[in-house]
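[1] Model the following, please.
(one chain, ligands or ions: 1)
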Amino acid sequence: MGLVEIGTRRPARVRPSRHLADLEAADRRAAVADLGQPAYRADQLSRHYFGRLTESADDMTDLPVAVRDTLIEAMLPRLLTATRELTCDRGMTRKTLWRAADGSFVESVLMRYPGRVTMCVSSQAGCGMACPFCATGQAGLTRNLSTAEIVTQVFNGARGLARGEMAGGPGRISNVVFMGMGEPLANYANVLAAIRRLTDPVPDGLGISQRAITVSTVGLVPAIRKLAAEGLSVRLAVSLHAPDDKLRDELVPVNRRWKVAEVLDAAWGYAAATGRRISIEYAMIRDINDQGWRADALAGLLAGRLVHVNLIPLNPTPGSKWTASDPGVAAEFEARLADRGIPVTVRDTRGREIDGACGQLAAAGREDPPA
Ligand code: SAH
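    As a prediction, this is how the structure comes out:
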C-alpha cells in the first residue's frame with residue numbers, strides 16, 4: 001500500500017500533535033497527570049506559555065530540570081515552522097508563511113496601527129468555498145487547522161511583539177481577525193476552542209478581549225445561528241460582495257445553498273443575540289459589483305440595521321480577469337451608502353507588496369517550496 005505514496009508529493013494526512021493550547025484547563029491537568037506528573041505542572045506550563053509567552057525549557061526554572069523536556073515534548077510540540085517572514089509598511093506589517101508538520105502551508109499577518117495591533121489568522125489550510133476572486137479559494141481545501149495551530153499563529157505574533165521585534169517598540173496584540181486562509185465556520189469546533197484560548201484570561205489563555213475578535217464568514221447560515229447561541233461577544237463579519245443572488249451565486253458559490261436574504265437574516269439574529277454590529281465585507285471589483293444600482297440595492301438591504309460596511313478594493317490574484325474598482329467609482333459607491341445613513345469605510349489594505357492579502361504567499365509557497 002505504501003507504493004501508492006512513492007513519487008507523490010501529497011502531504012501525508014497525519015493529525016497535528018496534541019498541544020497544551022488544544023485543551024481546557026481541566027484537560028491540561030489530566031494530560032499532565034497521564035505523564036505521571038503532578039497536575040499543578042499543567043498550570044505552571046500554562047503560565048509560561050500563555051502568560052510569559054515562552055516555550056523554552058531554559059525559562060521554566062520552577063519546573064525540575066529532569067521533567068522540563070518531557071513536559072515540553074508532550075505538551076508543547078512544534079506544530080508550525082515559520083518558513084518565510086516578510087515585512088513592509090516600514091516594519092508595521094509582518095507576514096509569516098508557516099509549514100505544518102504534514103507539509104501544509106498557512107499564513108498569518110500582523111498589522112500595527114496607531115493604538116492597536118491586529119493579527120490576521122488562518123483557520124484552514126486552503127479553503128473549500130471556491131470564491132473565484134480569492135487566491136486561497138482556487139486551490140481547494142487541504143484540511144482544518146487544529147485549535148493549537150490557530151493559537152500558535154497568535155502566540156507567535158504576541159511573543160514577537162512583546163520582544164519588540166515589530167517597528168514601534170514592544171506591544172501587545174489587541175485584535176484578532178479570522179480573515180486569513182480558510183472558512184472559520186467550516187472548522188467550527190476548533191475555531192470556537194481557539195477563541196476560548198485566545199480570550200480566556202491569563203494563565204488559561206492569552207487574555208485578548210472577545211469584543212476584539214472578528215470571525216469572517218462566507219455565510220454558513222446554520223453555523224452563524226449556532227455561534228449566536230454560544231454567549232460570546234465576538235464580532236461577526238459577513239463576506240457579502242453582492243446584494244443580489246444572481247451575482248453572489250458566482251462570487252460566493254455557497255450562496256447557491258444559502259441566499260442573501262437567509263444569510264442576512266442569520267446575521268441580524270447574531271446582532272440581536274450579541275448586541276454586536278455586523279461587519280459587511282464587500283470587495284470592490286471593477287465593473288462586476290461596483291455599479292450605483294448595486295450600492296442602492298445594498299443600502300436597501302442594510303438600512304436601519306446594526307451594521308457597518310467595509311469596502312475592500314479587490315486585491316487581484318495572479319491570472320485573474322478581475323481588478324479593483326476605479327477609486328472614483330468606489331467613492332461614489334461609498335457615498336451612496338453613506339447618504340442612506342449606513343456606516344461605511346473603505347478598508348486600508350495593508351501588505352500589498354508582500355501579497356499580504358488573501359492567501360497569495362501560501363499559494364506562492366506551494367509553487368516554490370522553501371528549502
Ligand atoms: N472565508 C472567510 C474568511 C477569509 S477571507 C470569508 O470569506 O469571510 C477574508 C476576507 O477577504 C473575505 O471578505 C474575502 O472575501 C476577502 N477576500 C478574499 N480574496 C480577496 C481579494 N482578492 N481581494 C479582496 N478581498 C478578498
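
[2] all contacts plus neighbour counts: C-alpha atoms, from now on.
    Fine.

[3] what's the following helix or strand after the helix or strand harbouring residue 67?
    Assigned by DSSP states H and E, residue 67 falls within helix 65-75. Sequence order places strand 80-88 as the next helix or strand after helix 65-75, per DSSP H and E.

[4] returning to what we had before: if we look at the helix holding residue 67, which residues are touching it?
    18-20, 32, 55, 57, 60 (C-alpha atoms under 8 Å, 6 or more residues apart in numbering).

[5] Keep only those of those residues that are in helices.
    Under the assignment DSSP state H, the contacts of helix 65-75 contribute residue 32 to helices.

[6] looking at the contacts of helix 65-75, which has the most residues close by?
    Using other C-alpha atoms under 10 Å as the neighbour criterion, residue 20 leads the contacts of helix 65-75 with 24 neighbours.

[7] In CSV, list the contacts of helix 65-75 along with distance to residue 203 and pLDDT.
    Shown next, in CSV, are the contacts of helix 65-75 (distance: C-alpha to C-alpha, whole Å; pLDDT from 0 to 100):
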residue, distance to residue 203, pLDDT
18, 19, 95
19, 15, 97
20, 12, 98
32, 16, 96
55, 14, 96
57, 18, 95
60, 15, 96
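
[8] Pick out the most distant pair among the contacts of helix 65-75.
    Taking C-alpha to C-alpha as the measure, those span a maximum distance of 20.4 Å, between 18 and 60.

[9] domains of the chain?
    Following automatic domain parsing, one gets these domains for the chain: 3-14+79-367, 20-75.

[10] tell me which helix or strand of the chain sits lowest on mean pLDDT?
    The weakest-scoring helix or strand in the chain, judged by mean pLDDT, DSSP states H and E, is helix 360-367 (a mean of 44).

[11] The ligand contacts on the chain?
    Contact residues, the chain versus the ligand (C-alpha under 6 Å from any ligand atom): 133-134, 178-183, 216-218, 238-239, 281, 283, 312, 314-317, 358.

[12] one more time with 5 Å
    Contacts of the chain with the ligand, taken as C-alpha under 5 Å from any ligand atom, map to 134, 179, 183, 216-218, 239, 314-315, 358.

[13] re earlier: right, so the domains of the chain: which one is the most enclosed?
    With neighbours defined as mean count of other C-alpha atoms under 10 Å, the domains of the chain peak in mean count at domain 3-14+79-367, which reaches a mean of 19.

[14] residue boundaries of the strands in the stretch 51-200 of the chain?
    Taking DSSP state E, counting those that start in this stretch to define them, one finds strands in the stretch 51-200 of the chain at 80-88, 93-100, 105-113, 116-120, 124-126, 141-144, 175-178.

[15] can you put those in CSV and add mean pLDDT and distance to residue 325?
    As requested, the strands of the stretch 51-200 of the chain are exported to CSV (pLDDT from 0 to 100; distance: least, C-alpha to C-alpha, whole Å):
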stretch, mean pLDDT, distance to residue 325
strand 80-88, 92, 24
strand 93-100, 94, 24
strand 105-113, 93, 24
strand 116-120, 95, 24
strand 124-126, 96, 26
strand 141-144, 97, 29
strand 175-178, 97, 24
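
[16] Kindly present these as TSV, with separate columns for distance to residue 47.
    Listed next are those as TSV, based on distance: least, C-alpha to C-alpha, whole Å:
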stretch	distance to residue 47
strand 80-88	21
strand 93-100	25
strand 105-113	24
strand 116-120	22
strand 124-126	27
strand 141-144	27
strand 175-178	21
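
[17] among these, which is nearest residue 274?
    Nearest of those (C-alpha to C-alpha): strand 175-178, 17.6 Å.
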